Structures are given as C-alpha cells and as structure tokens.
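>>> give the three-dimensional model of this entry:
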Amino acid sequence: MAKENKKRLMLVEDNEDFGGVLCDLLKKQGFEVIYFVDAAEALNYPENGHHIDIALVDLMDDLSDSVSGLDVAKKVRENNSGAKIFIMSGIELEALSIVNHLIEKKELQGYLKKPFNFADLKELIT
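Residues are numbered from 1 along each chain as shown. Predicted coordinates for the structure are as follows:
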C-alpha cells in the first residue's frame with residue numbers, strides 16, 4: 001500500500017482549548033499537524049531541518065514572553081521558503097501594520113481574525 005502524502009501543517013496557538021480543537025479538525029482534513037502551544041518551542045522546529053508546507057501561527061502579541069508569532073513566521077520563512085504562512089489574531093488586521101506589510105511583501109500569505117469559521121480557514125489554506 002502506498003504511503004499517503006499529507007501536507008505538514010505547523011500550528012502554533014497558545015490557547016490549548018482552541019488549539020486542540022483546531023488540531024483535530026485539521027487532522028480530519030488530512031493534514032499532518034505539528035502543534036505547539038509555546039512560541040519559543042515552535043521557533044526551534046523549522047531550524048532543525050523539518051519541512052513545513054503550511055504554518056498557521058497565532059500572533060501571540062499579548063504574551064509577556066519574548067517570542068511572538070511573527071518571530072516564528074520569520075523562522076519558518078527562513079528555513080522553508082515555499083511554505084504558506086498565515087497569522088491569526090483577535091486583533092483587527094487594520095491595526096496590525098506589520099502584518100499588513102508582510103502580506104504585501106508576500107512574506108505572509110494571509111491573516112485570520114479570531115474567532116473564525118473553520119470553512120474560511122479551510123478555503124484559505126487549501
């Protein structure tokens with residue numbers, strides 16, 4: 001039997017309840033999901049040579065931690081030039097000038113305002 005070729009999706013979400021549900025839904029859609037709750041831990045994953053097709057990263061701008069979702073997105077881009085990277089946050093996109101700038105430069109492929117409908121996410125990443 002041939003091995004199924006799943007897309008590897010890196011999910012970084014600090015809210016474990018939301019992240020767990022999202023992880024389960026993405027797996028049911030056929031993705032191989034690598035889930036991180038902690039952005040600092042997620043930062044090491046792309047550096048270690050792991051291939052990532054899609055990254056779905058919470059902005060994590062309200063954390064006191066020194067690592068943000070944008071740091072993770074930058075590291076994914078540096079180590080996986082072909083990856084599609086999406087930022088999610090509860091903040092309106094208009095208020096996030098850096099995210100807007102990165103989308104315009106094609107460093108990020110999109111933004112999801114939380115809460116969002118799973119159908120919208122699916123349409124964005126597939």
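>>> isn't residue 87 up against residue 59?
Yes: counting by CB atoms under 8 Å, residue 87 does reach residue 59; the two are 5.5 Å apart. For the C-beta atoms, the positions are set from N, CA and C on the backbone; glycine is no exception.
>>> higher neighbour count, the two?
A direct count of neighbours by other CB atoms under 10 Å for residue 87 and residue 59 places residue 87 higher, at 28 against 24.
>>> got the contact list for the host helix or strand of residue 98?
Using DSSP states H and E, residue 98 sits in helix 97-104. For helix 97-104, the surrounding residues in contact (CB atoms under 8 Å, 6 or more residues apart in numbering) are 59, 70, 73, 87, 89, 93-94, 108-111.
>>> next, the contact list for the residue most central in space within the chain, please.
Note on the chain: the residue nearest the mean C-alpha position is residue 56, at 1.5 Å, using CA atoms, centre = their mean. Counting by CB under 8 Å, 6+ apart, residue 56 makes contact with 9-13, 22, 26, 86, 88, 112, 121, 125.
>>> most surrounded residue in these?
residue 12 (28 neighbours).
>>> ok, for residue 66, nearest residue in space, not its chain neighbours?
residue 40 (7.8 Å; CB to CB, 6 or more residues apart in numbering).
>>> hang on, I meant residue 20
Residue 20's closest residue in space is residue 35 (CB to CB, 6+ apart), at 8.0 Å.
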